[in-house]
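Novice: Build me a model from this:
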Amino acid sequence: MRLDWWTLALQTVNFAVLVWLLRRFLYKPVLRAIDARRAEIDRQEAETRAAKLELERRIAAIEAERAGIAAEREAALKIAAAQAEESAATRRTQAEREAAELLEGARKTLAAERELALAETRRAALDLGAEFARRLLAEVPMQLRAEAWLQRIEQYLAKLPKPELDALVQQCADGASLTVVTSSSLSPATMESWRGRLSRPLGDGIGVKFGVDPGLIAGAELHFPSAVLHFSWQNALTVLRSEVEGHGDAR
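Specialist: Numbers count the residues shown, from 1 in each chain. Prediction:
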């Protein structure tokens, strides 16, 4: 193997150039940067020592004042605690009052809605009962129904105190007539029977006419000039509705 002296010389020159470049452009700048950084660190350490001394001086001053501040702090804490407790009690009382008001309002609303629903149910039941009664009565012969109504009227007039009965008769003294209103038309024979049987408690001189009002459902009404005697199911249902509505309003 031969040694190439020219190659060795060139490599040596390259190495020397590389070392010179590194020294000039890398090593010296790095050294300068390190020196600058060390100087900055020394300056910061000096500032830190000065700040530490200032802090120690202030701490000493604060410690000197703490004895007087401790009593004031304790008093302030007690006042703040009392105020916080009072404020919490006030908020708690207000929250309890608002919660009670909300519960009471909800209870009243529920009660009102329940009563409204019950009233609606009662009214619907009354209407349904009236419709059932109307259909059932339609199956009963008119003569039988009229006889039952007339008997009820006779019983009522028989128990009526004489002054009240005389007052009713007096209303028809000057030719005015009594009008018997039924839910459906009466036969001529039934009308004559009613005239004869009503003349017994009211007198023979009273005139009796007849009218029809399907809204009565069943029963009859005696219309005097200034008074009306109700013996109809319509009147009974009206009374029941009034009681239902009055019951709901009372609650």
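
Novice: what ranges do the strands span in the stretch 51-200 of the chain?
Specialist: 177-182 (DSSP state E, counting those that start in this stretch).

Novice: what stretches of it score poorly on pLDDT?
Specialist: 67, 70, 117-144 (pLDDT under 70).

Novice: can you give me the helices for it?
Specialist: Ranges of helices within the stretch 51-200 of the chain are 142-159, 162-171, 188-202, based on DSSP state H, counting those that start in this stretch.

Novice: want to throw those into TSV with mean neighbour count and distance to residue 226?
Specialist: In this view, the C-beta of every residue, glycine as well, is placed from N, C-alpha and C. Putting those into TSV (neighbours: other CB atoms under 10 Å; distance: least, CB to CB, whole Å) gives the following:
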stretch	mean neighbour count	distance to residue 226
helix 142-159	14	17
helix 162-171	13	5
helix 188-202	15	15
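
Novice: Please dump these into a markdown table; it should also carry distance to residue 69 for every row.
Specialist: Output for the helices of the stretch 51-200 of the chain, formatted as a markdown table (distance: least, CB to CB, whole Å):
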| stretch | distance to residue 69 |
| --- | --- |
| helix 142-159 | 100 |
| helix 162-171 | 99 |
| helix 188-202 | 108 |
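
Novice: what about these, which gets the closest to residue 178?
Specialist: helix 188-202 (7.2 Å; CB to CB).

Novice: Show me the contact partners of that closest one.
Specialist: Identification of contacts with helix 188-202 by CB atoms under 8 Å, 6 or more residues apart in numbering yields 142-143, 146, 150, 153-154, 157-158, 160, 165, 168-169, 172, 178, 180, 186, 206, 208, 210.

Novice: now the angle from it to helix 142-159?
Specialist: Per axes from the mean of the first three to the mean of the last three CA atoms, to 10 degrees, the angle that helix 188-202 makes with helix 142-159 is 10 degrees.

Novice: which helices and strands does the next helix or strand after helix 188-202 pack with?
Specialist: Beyond helix 188-202 on the C-terminal side, the first helix or strand identified by DSSP states H and E is strand 207-212. Applying 3 or more CB pairs under 8 Å, 6 or more residues apart in numbering; DSSP states H and E, one finds that strand 207-212 contacts strand 177-182, helix 188-202.
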